[in-house]
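*Asks:* show me how the following folds:
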Amino acid sequence: MTFDYLLAVLPVLALTYIASGIVKGVTGFGMPFIAVPGAALALGIPITQAMAWVMISAFTTNSVQLIQNVRYWRIIREIWPLLLTMAAFMMASVQLLSVLRSEWLSIFLGVVIVVTISAQMLKKWDVQSDQRRRAYILSGAISGFSGGLTSFYGFPALQVMLASGMKKEEFIFSAGLLLFMGTTILTLGLSTQGLMTKQDGVMSLLLLFPAIIGLLIGQRVRRVLSPAGFSRVVMGVLLATGLSMFMRGVWGLL
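*Replies:* Purely as a prediction, here's the structure:
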């Protein structure tokens, strides 16, 4: 695939990244779950290359999200077991990215997400205060292990944080911090294993601008959402993420 061809398809990719930025702006997460399968399906490129293209956009938008909500940093005192566990498991599993096929894991995790979120949308799930430490550690381990192989390190960590009763702004900060850590680990993993080239880096930089445009649009939408409406949107995006992961896995096998 030549660089001239990549520039020719840049408008299509830009629209995809605007859409992923809007989702990110509304919910605080979700950018790679639209951008990665969108690029892979539209251009027929490997999942790992599509993952490389989204790195700069994900890193930048997560940084913006953290800075905008830094006054809620005290929530780290509660979620640090989740963050620490996720980082440890992700640093281990990302080393397997170049030697293992992650498509079956992506399909399996996609099905699990769809079933779990569908059930939770039918019956609300709350994590009680005495259960949170265990839930954070377990969800961090699962999110980290699957994230290193599939680039999706949000489930079930984001679901557990939402069910723990966080305020909207606390969730946005927590999600931003979790995703910032995950993006950093994944970028280092792709780079050290030769899965992110200079050409991928240039494309990732070009796609940052439409991602920022989408982020600003999404943030405007989020400001008018009620807490209940925000929760429903988050659950809907998680459900769509499960379907996206299933499609990514199937596409990779084909």
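*Asks:* what is the helix or strand where Ser244 lies packed up against?
*Replies:* Counting by DSSP states H and E, the element that carries Ser244 is helix 227-253. Secondary-structure packing of helix 227-253 (3 or more C-beta pairs under 8 Å, 6 or more residues apart in numbering; DSSP states H and E): helix 10-27, helix 31-43, helix 47-53, helix 103-122, helix 157-163, helix 168-192. All C-beta atoms are positioned from the backbone trio N, CA, C, and that covers glycine.
*Asks:* can you pull the buried residues of whichever helix or strand comes after the fourth one?
*Replies:* Elements were assigned by DSSP H and E; along the chain past helix 103-122, the next helix or strand is helix 132-150. Of the residues in helix 132-150, 132, 135-136, 138-150 count as buried by neighbour count, 16 or more other C-beta atoms under 10 Å.
*Asks:* angle of helix 132-150 against helix 227-253?
*Replies:* 30 degrees (axes from the mean of the first three to the mean of the last three C-alpha atoms, to 10 degrees).
*Asks:* return the alpha-carbon coordinates of helix 132-150 using PDB.
*Replies:* Taking C-alpha atoms only, helix 132-150 is exported to PDB below (Å, rounded to 0.1, in the frame of the first residue of the first chain):
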ATOM      1  CA  ARG A 132     -15.200  -2.500  44.800                       C
ATOM      2  CA  ARG A 133     -11.600  -3.500  45.700                       C
ATOM      3  CA  ARG A 134     -12.100  -7.100  44.400                       C
ATOM      4  CA  ALA A 135     -14.000  -5.800  41.400                       C
ATOM      5  CA  TYR A 136     -11.300  -3.300  40.500                       C
ATOM      6  CA  ILE A 137      -8.500  -5.800  40.700                       C
ATOM      7  CA  LEU A 138     -10.400  -8.500  38.700                       C
ATOM      8  CA  SER A 139     -11.600  -6.100  36.000                       C
ATOM      9  CA  GLY A 140      -8.100  -4.600  35.700                       C
ATOM     10  CA  ALA A 141      -6.600  -8.000  35.100                       C
ATOM     11  CA  ILE A 142      -9.100  -8.900  32.400                       C
ATOM     12  CA  SER A 143      -8.900  -5.500  30.800                       C
ATOM     13  CA  GLY A 144      -5.100  -5.500  30.700                       C
ATOM     14  CA  PHE A 145      -4.700  -9.000  29.300                       C
ATOM     15  CA  SER A 146      -7.300  -8.600  26.600                       C
ATOM     16  CA  GLY A 147      -6.100  -5.000  25.900                       C
ATOM     17  CA  GLY A 148      -2.600  -6.000  25.100                       C
ATOM     18  CA  LEU A 149      -3.800  -8.400  22.400                       C
ATOM     19  CA  THR A 150      -6.900  -6.600  21.000                       C
END
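*Asks:* Thr16 reaches Pro37, doesn't it?
*Replies:* No. Counting by C-beta atoms under 8 Å, Thr16 sits too far from Pro37 to count as a contact (9.4 Å).
*Asks:* need the contact list for the residue lying closest to Met247 once chain neighbours are set aside.
*Replies:* Of all residues not flanking Met247 in the chain, Pro37 sits nearest, at 5.7 Å (C-beta to C-beta, 6 or more residues apart in numbering). By C-beta atoms under 8 Å, 6 or more residues apart in numbering, the contact set of Pro37 is Ala50, Ser244, Met247, Arg248, Trp251.
*Asks:* from Asp200, how far off is Ser93?
*Replies:* Note on Ser93: its distance to Asp200, by C-beta to C-beta, to the nearest Å, is 21 Å.
*Asks:* is Gly154 in a helix, a strand, or coil?
*Replies:* Going by DSSP: H, G, I helix; E, B strand; the rest coil, the secondary structure assigned to Gly154 is coil.
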